[in-house]
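**Student:** Structural data only, the sequence is not supplied:
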């Protein structure tokens with residue numbers, strides 16, 4: 001700890017601010033907001049996350065089969081609910097869909113919340129309607145001015161100590177000066193993060209993580225963290241900074257929106273010409289090529305294939321039985 005000489009009152013203020021920093025993320029709130037007009041935000045997604053403990057987050061649809069959210073909203077299993085304003089009324093859920101794969105930013109730091117961005121690949125594409133639709137992403141060169149009015153919506157708390165809301169709530173927030181967040185949060189990075197909201201004009205709290213900060217109908221930020229009392233501004237991942245990563249990851253996930261070719265895997269045969277000798281034939285559930293693969297130079301030319309089902313090992317797999325795969329720990 002670095003100690004410097006300050007007037008007693010100032011040292012006390014610094015001491016109190018250190019307690020305002022969020023030790024860990026939880027789930028988020030809408031403070032000073034109101035219920036949204038039904039289906040006025042058709043891009044909103046409610047995430048049910050299962051892991052060591054169940055939690056919820058927000059997210060938003062950016063492609064028919066891709067949702068964007070915060071990296072700290074990752075979990076062992078994630079279900080996405082689309083097309084509803086009231087999460088408490090199951091009959092109003094237009095779609096509930098499982099997540100096939102998660103793509104958190106490789107530089108995400110759970111302690112500092114840096115690079116807190118993640119893409120979710122849905123099990124299937126959704127049909128876009130007036131009630132389920134996409135949210136636009138920003139230009140990489142976008143610059144937001146302090147005082148600019150934006151908004152955020154979510155199913156978080158509506159009071160400081162209240163329960164999370166079943167209804168989708170929204171609030172208007174102002175972009176704050178970078179210096180304001182730098183004074184409050186030790187790890188704030190103005191290059192990769194945005195500073196928005198306050199107690200006077202509206203803020204987010206527990207339950208709103210992963211929700212989009214929307215400015216002029218464009219997603220500019222992803223809710224990352226806030227102080228526990230909702231007094232100070234919230235911190236949002238600056239989406240414009242991550243546009244190169246987003247485009248690269250989308251290409252990896254979706255092949256630039258081209259239909260993925262079907263891949264079949266045949267195991268256990270020495271003669272591929274004799275179909276009756278194929279003991280095992282599998283469909284590939286997903287392909288995971290190296291993110292640095294270059295089709296021109298063939299550098300990083302490696303890829304993993306996830307089969308639709310597990311193979312049942314036989315005597316022919318004696319080597320594999322005595323040498324377990326180092327990939328057994330990976331999320332399936």
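**Tutor:** Cool, the structure landed. Model, not experiment: these values are computed from the prediction. Numbering: from 1, shown residues only.

**Student:** you'd agree residue 179 is in a helix?
**Tutor:** Yes - assessed with DSSP: H, G, I helix; E, B strand; the rest coil, residue 179 lies in a helix.

**Student:** tell me the phi and psi of residue 183?
**Tutor:** phi -70, psi -30 (degrees, to the nearest 10).

**Student:** Contacts only, for residue 39.
**Tutor:** Under the criterion of CB atoms under 8 Å, 6 or more residues apart in numbering, the contact list for residue 39 reads 83, 85, 130-131. Backbone N, C-alpha and C define where each C-beta goes, glycine included.

**Student:** now do 6 Å
**Tutor:** Counting by CB atoms under 6 Å, 6 or more residues apart in numbering, residue 39 touches residue 131.

**Student:** any chance you could map the helices in the stretch 151-300 of the chain?
**Tutor:** 178-184, 243-254 (DSSP state H, counting those that start in this stretch).

**Student:** what's the closest of those helices to residue 140?
**Tutor:** helix 243-254 (4.2 Å; CB to CB).

**Student:** Please spell out which residues along that closest one are buried.
**Tutor:** Using 16 or more other CB atoms under 10 Å as the test for burial, helix 243-254 gives 243, 245-246, 249-250, 252-254.

**Student:** and if you look at stretch 97-104?
**Tutor:** 97, 99-104.

**Student:** what does that stretch contact?
**Tutor:** 71, 74, 78-80, 118-123, 249.

**Student:** For the residues you listed, could you give me a markdown table that also reports pLDDT, secondary structure and distance to residue 189?
**Tutor:** A markdown table is the format used below for the contacts of stretch 97-104 (pLDDT from 0 to 100; DSSP: H, G, I helix; E, B strand; the rest coil; distance: CB to CB, whole Å):
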| residue | pLDDT | secondary structure | distance to residue 189 |
| --- | --- | --- | --- |
| 71 | 97 | helix | 15 |
| 74 | 94 | coil | 21 |
| 78 | 96 | strand | 27 |
| 79 | 95 | strand | 32 |
| 80 | 95 | strand | 29 |
| 118 | 98 | strand | 18 |
| 119 | 98 | strand | 21 |
| 120 | 97 | strand | 24 |
| 121 | 96 | strand | 27 |
| 122 | 96 | strand | 30 |
| 123 | 93 | coil | 34 |
| 249 | 95 | helix | 20 |
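
**Student:** Compare the residues you listed and tell me which has the most neighbours.
**Tutor:** residue 120 (28 neighbours; other CB atoms under 10 Å).

**Student:** just to revisit the earlier point, which of the contacts of stretch 97-104 lies closest to residue 268?
**Tutor:** Closest to residue 268 out of the contacts of stretch 97-104 is residue 123 (28.7 Å), distances taken as CB to CB.

**Student:** Contact partners for that closest one?
**Tutor:** 97-98, 100.

**Student:** List just the nearest of the residues you listed to residue 177.
**Tutor:** residue 97 (39.9 Å).
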